[in-house]
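>>> just need the structure, nothing else, for what follows:
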Amino acid sequence: MPLSRRALLAATGAAALFPVLPTEASAHPRPRSAEAIRQIPLQGAVNVRDLGGYVTYDGGRLRYGRAYRSDHLAKLTEADLTALAGLGLGTVVDLRIPAEVGYDGADRLPAGPVPVARPVTDNGLFGQLMAAIGSRDPVRQEEMLGGGRAAAFMCEVYRTFVTDAANRAAFAATLRDLADPRRGPLLFHCTSGKDRTGWTSWLLLTLLGVPESSARADYLASNAFRAANDARVREGLKQAGLMQDPELIVPLQEVRDAYLDTALDQVRASYGSLFRYVSVGLGLELRELAALRERLVAGA
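You can find the predicted model right below:
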C-alpha cells in the first residue's frame, strides 16, 4: 500500500504546507482516466504531457503550462519543434544516461529552452536490453528476460531511485528547478518517459497535494500513451529476426503498480516515511516545498 501522507506530514510541521490527506483505506479510489490527461500531440514523441489540471486535496489546481513530462525528444519533426516552441519552455531536463543519448541522439529543441543533462542511472537496464536483443539468441533472451526476470529487474531499477545518492540528487535538483520561476516552464524526460520521469512526476504531484489515485493514474497512463509505439517496436524486432518472442520485453516497456510500490517499499525501508525521503534523502527544505507549491498550484 502507498504511504499515508497524513501521518507522514502531520508530525513534522509540513502539514501546514499541504492539504488534509486521505487515510490508507482511501488511498486507491477510482483513478483518473488517461483521457483526462492533457497530452501534447507530437509526431516524434508519444508520451508528452502537461502536468497541469490536477486538483489538490484542498481545492487548488495545478497550473497549466508550468511543468511537462515526456519521452526523449531526439526524433522531433519540424512541425514538432514549432509546437514545442509554442509551449514557451525555459528549461528541458534530460534524465537519460550518456549511452541512451548516444543511441537515440541528443534532444532536438527549438530556440529558447536551456538543455540540462542530469542523468539518472537505469541500473543497467539499457545495457541489459541491448545485450538481450543483440544476441539474437532466443535461449539467451529467455534466460535474461523470461520467468519474471525482466519485471524483477525493473523493480531493482526503482529501488535505485531511493538508494542511489546521485539519483536522489538529480531528482532533488529537478524539483528545485520546478520551484524556481527563473527557470520558466520546465519539461523533464528520460528515454520512454515512464520510469525515471514517472517517479519524478509521482513525487511532484504527491508533494503538491494531488490525491494518490490521480498521481498513480498519471504514472500508469504511460502504458496507454506508449502502447501503439511499443507494439510496433516488438513487431519490428520479430520481423528483423532479432527476437522470436518479443513479448519478453513487455515488462521493460510497461509501467506497473508493482514497480512504483517497490520504490515506496524502499522508501519505508531506508527512511521510514516519504517525508523523510524528501527531507533527508533528497535534502529538500520546507521552504523549498512551499515554493514548489506556490509556483505550481493555483487557488491553494
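>>> gap between the nearest residue to residue 74 once chain neighbours are set aside and residue 207?
For residue 74, ignoring the flanking residues on the chain, the nearest one in space by C-beta to C-beta, 6 or more residues apart in numbering is residue 105 at 3.7 Å. Backbone N, C-alpha and C define where each C-beta goes, glycine included. Between residue 105 and residue 207 the computed distance is 32 Å (C-beta to C-beta, to the nearest Å).
>>> more neighbours, the two?
Neighbours were counted for residue 105 and for residue 207 using other C-beta atoms under 10 Å; residue 207 has more, 27 against 12.
>>> mind naming the longest helix for the protein?
helix 222-239 (DSSP state H).
>>> who touches that helix?
With C-beta atoms under 8 Å, 6 or more residues apart in numbering as the contact definition, helix 222-239 has outside contacts at 34, 39, 46-47, 49, 71, 133, 192-194, 198, 243-244, 246-247, 249-250, 253-255.
>>> likewise stretch 81-94?
Stretch 81-94 has contacts (C-beta under 8 Å, 6+ apart) with 40-42, 65, 68, 72-73, 76, 101, 107-119, 174, 177, 182-190.
>>> quick check: end-to-end length of stretch 280-291?
Taking C-alpha to C-alpha, to the nearest Å, stretch 280-291 runs 18 Å from one end to the other.
>>> oh sorry, the question was meant for stretch 176-195
20 Å.
>>> same thing with stretch 94-106?
Span of stretch 94-106 from end to end, C-alpha to C-alpha: 9 Å.
>>> check the offset of that stretch from the chain's centre.
Distance of stretch 94-106 from its chain centroid, counting by C-alpha atoms, centre = their mean, to the nearest Å, is 16 Å.
>>> now do the buried residues in that stretch.
Across stretch 94-106, burial judged by 16 or more other C-beta atoms under 10 Å covers 94, 95, 96, 97, 100, 101.
>>> name all residues that make contact with the fourth one.
Residues touching residue 97, when contacts are defined by C-beta under 8 Å, 6+ apart, comprise 119, 120, 121, 122, 126.
>>> inside helices: which ones of these?
Reading helices off those with DSSP H, I get residue 126.
>>> list just the nearest of the contacts of residue 97 to residue 159.
residue 121 (11.3 Å; C-beta to C-beta).
>>> now do that closest one, the pLDDT please.
The model reports residue 121 with a pLDDT of 91.
>>> in which helix or strand does residue 115 reside?
Per DSSP states H and E, residue 115 falls inside strand 114-117.
>>> now do that strand, average pLDDT.
On average, strand 114-117 scores 98.
>>> ditto for stretch 158-177
98.
>>> same question, stretch 51-61
On average, stretch 51-61 scores 93.
>>> got the end-to-end distance for that stretch?
11 Å.
>>> mind listing what's buried in that stretch?
Applying 16+ other C-beta under 10 Å to stretch 51-61 flags 51, 52, 54, 55, 56, 57, 60, 61 as buried.
>>> give me the nearest residue to residue 133, chain neighbours excluded.
residue 242 (5.3 Å).
>>> quick check: buried residues in stretch 248-258?
Along stretch 248-258, these residues count as buried under the neighbour rule (16+ other C-beta under 10 Å): 248, 249, 251, 252, 253, 254, 255, 256.
>>> so how far is that stretch off the chain centroid?
Stretch 248-258 sits 14 Å away from the centroid of its parent chain (C-alpha atoms, centre = their mean).
>>> poorly predicted segments of the protein, please.
By pLDDT under 70, the weakly predicted segments of the chain are 1-36, 300.
>>> what do you get if the cut-off is 90, keeping everything else the same?
1-37, 58, 122-129, 299-300 (pLDDT under 90).
>>> tell me the residue in it that is farthest from the middle.
In the chain, residue 139 marks the outermost C-alpha relative to the chain mean, sitting 32.3 Å out by C-alpha atoms, centre = their mean.
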